[in-house]
Every structure is written in structure tokens, then in C-alpha cells.
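Provided below for reference: sequence and predicted model.
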Amino acid sequence: MKSQELVFTNNVGEAIDAIVGEINPPTVFVLVDVNTASFVLPRLQALSGAVANATVITTKAGDMHKNLESTKAIWKRLGEEGATRHSLLINVGGGVITDMGAFAAATFKRGISFINVPTSLLGAVDASVGGKTGINLGSLKNEIGVFRQADSVIVSTLFFNTLSSEELRSGYAEMLKHALLQDKESFDRLIGNHVEDLAPDTLLDLLQKSVLIKKNIVDTDPEEKSIRKSLNLGHTAGHAFESLALERKSPIPHGYAVAYGLVTELVLSHMKLSFPSDVLHRFASYVKEVYGAFDFTCDDYPRLIALMRHDKKNLSAADINFTLLRNIGDVQIDCVIAEDDIKTAFDITRDLLGI
Ligand SMILES: NC(=O)c1ccc[n+]([C@@H]2O[C@H](COP(=O)([O-])OP(=O)(O)OC[C@H]3O[C@@H](n4cnc5c(N)ncnc54)[C@H](O)[C@@H]3O)[C@@H](O)[C@H]2O)c1
Ligand SMILES: [Zn+2]
């Protein structure tokens, strides 16, 4: 799979027009959801001639609409509006739009060019980069998809001012994860900040460093056969918290679940691999301050463990598989952990987060 061109800039219009000029497609389409149609598209149409002249396809917003029905509607519109194998699709939105738009583009007439313009922090730092495209199938998340890199990804902070602080914090949790995988310097740069207080150019600089951490890992192992699994840090426990919250009908943002999951997995890292306890405590108090706490008791442990057992990252149905750290930047993938240790880690997580 080819490596993908990443552009970090707040001159988004110029960047789009330059890339579209290079690709030189006969027709250009822009995919937005109803929110980015109103908050982002008019600004982008004013900044970019290519976007101003493109045919706009609008979908419903939200992960529940990242499905086959919406994808079919995109394919249909592309066909009706005369898209050919040489057309270009520009995905302008959060992770839902970049995942689904990329999948629609990768499969339409066996694949047309697409570029991603992520407009949420989570989209910018994670979803729009790395070549995982796809849609949900019923309640199965990201069940259908292909690996396919965007021709370009244009990362900016220009459109983040219409995101809620909850959405910004959610994306920032993935940046914290990248920093933990990288080195102490990256970690120190992020911890202590409140993302909503950062100036756009400061955030763009932090975002660039963070995205490049992911890009380096993905370029080494694009199809997740080994080291790309390190990006699952925080996500085995995190997905279980996210699913439990959903079952209780009080969903929490993905990044918040990842923040709590990172605390649990750093506790496990400390128990199993002697991850330094001062870093664990520093991280946990930051999470407690910024993300609060997910309310769970020991009565929830069996369900959380059952949810982790069903995680598609496990190598076999009997195991619960984690990515852990010996230290910041020192990753150990494929750590199979026993249930009793996980329960102990939950006890310590609750203690650290004051639950
Ligand atoms: N492909 C990958 O590697 C990868 C990685 C992480 C997450 N994801 C996927 O990404 C999705 C989550 O991403 P997300 O949080 O960006 O979701 P999202 O696309 O649903 O965006 C969140 C909300 O913000 C709105 N929005 C986006 N940009 C906005 C802006 N600038 N101003 C105002 N509102 C705006 C959206 O319309 C939506 O309502 C999930 O579907 C997840 O599976 C994919
Ligand atoms: Zn995540």
C-alpha cells in the first residue's frame, strides 16, 4: 500500500486547490454530513475554487449513519452526477465522513481518487490517516471495509472552533495515546494542557507531531500484522467502557472511554511490566481532572470482562489481549492477561479516578 501524502496547514483552500490541480480530475465531488455542510462547507467554498465548483453530496451525521444505506446513496449520487473512474472525492468531515467517504471512493468503479479534509480533532489525529476505511454493519463497528490510503490528507485546526470542548477532549485522548507510545518529551508536551485553551497554530503543531507518530507506525505495518497493534493501547479496556456505557443507554465519547482505558492499561503495565508509578499517577490525575470518571463498580467487572473477550483484537476466544508499556515509548504488544489481574487493575483504576 502506498504511503499517503499529509499536508499540515491552516491555508486549507490553497492546499486543496494545489492537490486538485495536480490530480487534475475531470469532475470533483465533496462529501459532507449535515453538520459540516453548515459549519464548514461555506467557509471552504470561499477558500477553495475546487470546492466551490464541486458537486456536493450530503449525508446524515453520526456513527449510526456510517452504514451501507448511506454508502449506497453516495455511490448512487456519484453515478447520477456522472462520476467516472478519474473523478475525485473530497471528504470533508469527522471520522464518519472520512471512513465512509473513503470506503465509497475505494469501491466505486473499483476505486477513484479521494482526499480527506478532517474537520474534527479525532478525525484529524486518528480516523483520516492510516488507510482504514469502512462502515458499520448493524451493531458491528467497522465490520465492512478495505485498507486504502487517501491520495492526500489535509490536516488543519481551522474548523475546530465549532466543535464542543467534549469533542476536542475526546480527540486529545488519542493524542495522549500517541505520546505514550512515542517518548517522554511528547508526553510532557501534552500533559497539563487543556486542549480547548490552545491557540490554533499551537494545536496544529502538536497535532502534526501526533499524526506523524501514527503515520510512522502505520507505514511500518500498514495492515496491522504486528507493531500497528500498539495503536490499540487503551482500547481493550476503553472499548469495554464505551460498550458498557452504550448498554446503559448513557453513551460516552470514544476518547473519554480511551482516556479511562489508558488508565486501566497503564495500571496493568505497572503490575506486569513495571511501568513507572510516578508517570501512572501523573497521567491518572490528569485524566481525572479533564475527563472526570466513568462510574463503574465491581458488579460491572464480569460484563466488562465479557466485552473484552469479544474484542476482535483477541488472538483466540479464551484470551484477553492488551498492548502494554514497559515505559513511555517502550511498547509490548500481544500481552495476554488473566481475569484476576484485570479485576485488580479495575480496583486500582477506580481508586485513582476516585470512583
Ligand atoms: N479509520 C480509522 O482509523 C479510525 C480511527 C478512529 C476513529 N474512526 C472512526 O471515526 C468516527 C468518529 O470520528 P468523529 O468523532 O470525528 O465522528 P463524527 O464524524 O461523527 O464527528 C463528530 C460530530 O462532529 C460533527 N462535526 C465534525 N466536524 C465539525 C466541525 N468542524 N464543526 C462542527 N461539527 C463538526 C459531525 O457532524 C458529528 O456530529 C467513528 O466512526 C470511528 O469508528 C476511524
Ligand atoms: Zn480510538
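Great, that's in hand. Ligands and ions are numbered 1, 2, ... in the order given.

surely Ile16 meets Val117?
Yes. Ile16 lies in contact with Val117 (C-beta atoms under 8 Å); the separation is 7.0 Å. The way it works is simple: take the backbone N, C-alpha and C, and place the C-beta from them, glycine included.

find residues that contact each of these two.
When contacts are counted by C-beta atoms under 8 Å, 6 or more residues apart in numbering, Ile16 and Val117 have Leu44, Ile90, Ile154 as shared neighbours.

which of these fall within helices?
Leu44 (DSSP state H).

which one (most neighbours) among the shared contacts of Ile16 and Val117?
Ile90 (28 neighbours; other C-beta atoms under 10 Å).

what about it, distance to Ser243?
33 Å (C-beta to C-beta, to the nearest Å).

ditto for Leu231
19 Å.

which bits of this structure sit near ligand 1?
33, 35-36, 39-40, 61-63, 66, 93-97, 99, 119-120, 122-123, 126-127, 130, 132, 142, 159, 162-163, 167 (C-beta under 6 Å from any ligand atom).

just the buried ones from the residues you listed?
33, 35-36, 39-40, 61, 63, 66, 93-97, 99, 119-120, 122-123, 126-127, 130, 132, 142, 159, 163, 167 (16 or more other C-beta atoms under 10 Å).

find out how far the helix or strand harbouring Ile305 is from the centre of the chain, if you would.
Using DSSP states H and E, Ile305 sits within helix 301-309. Relative to the centre of its chain, helix 301-309 is centred 23 Å away, using C-alpha atoms, centre = their mean, to the nearest Å.

just the buried positions in it, please.
For helix 301-309, a neighbour-count test (16+ other C-beta under 10 Å) marks Leu304, Leu307, Met308 as buried.

also stretch 66-84?
Neighbour-count burial for stretch 66-84, counted by 16+ other C-beta under 10 Å, picks out Lys66, Asn67, Ser70, Thr71, Ala73, Ile74, Trp75, Arg77, Leu78, Ala83.

wait, what's in contact with the fifth one?
To tie it back to what came earlier, the one meant is Ala73. Contacts for Ala73 were tallied using C-beta under 8 Å, 6+ apart; they are Thr59.

which strand or helix spans it?
In the assignment (DSSP H and E), Ala73 maps to helix 68-80.

off-centre distance for that helix?
24 Å.

which residues sit in contact with the residue in the stretch 251-355 of the chain that ligand 1 sits nearest to?
Using C-beta to the nearest ligand atom, the closest approach of the stretch 251-355 of the chain to ligand 1 is made by His254 at 6.2 Å. His254 is in contact with Leu122, Ser170, Gly238, Glu242, counting by C-beta under 8 Å, 6+ apart.

residue contacts, the last one?
Taking C-beta under 8 Å, 6+ apart as the criterion, Glu242 is in contact with Pro251, Ile252, His254, Ala257.

mind doing that once more with 10 Å?
The neighbours of Glu242, taking C-beta atoms under 10 Å, 6 or more residues apart in numbering as the test, are 141, 235, 251-258, 260-261, 294, 307.

let me know the pLDDT of Asp311.
On the pLDDT scale, Asp311 is placed at 76.

quick one: the strands in this protein?
Under the criterion DSSP state E, the chain carries strands at the ranges 5-8, 28-33, 55-59, 88-93, 113-118, 135-137, 140-144, 152-155, 321-327, 330-336.
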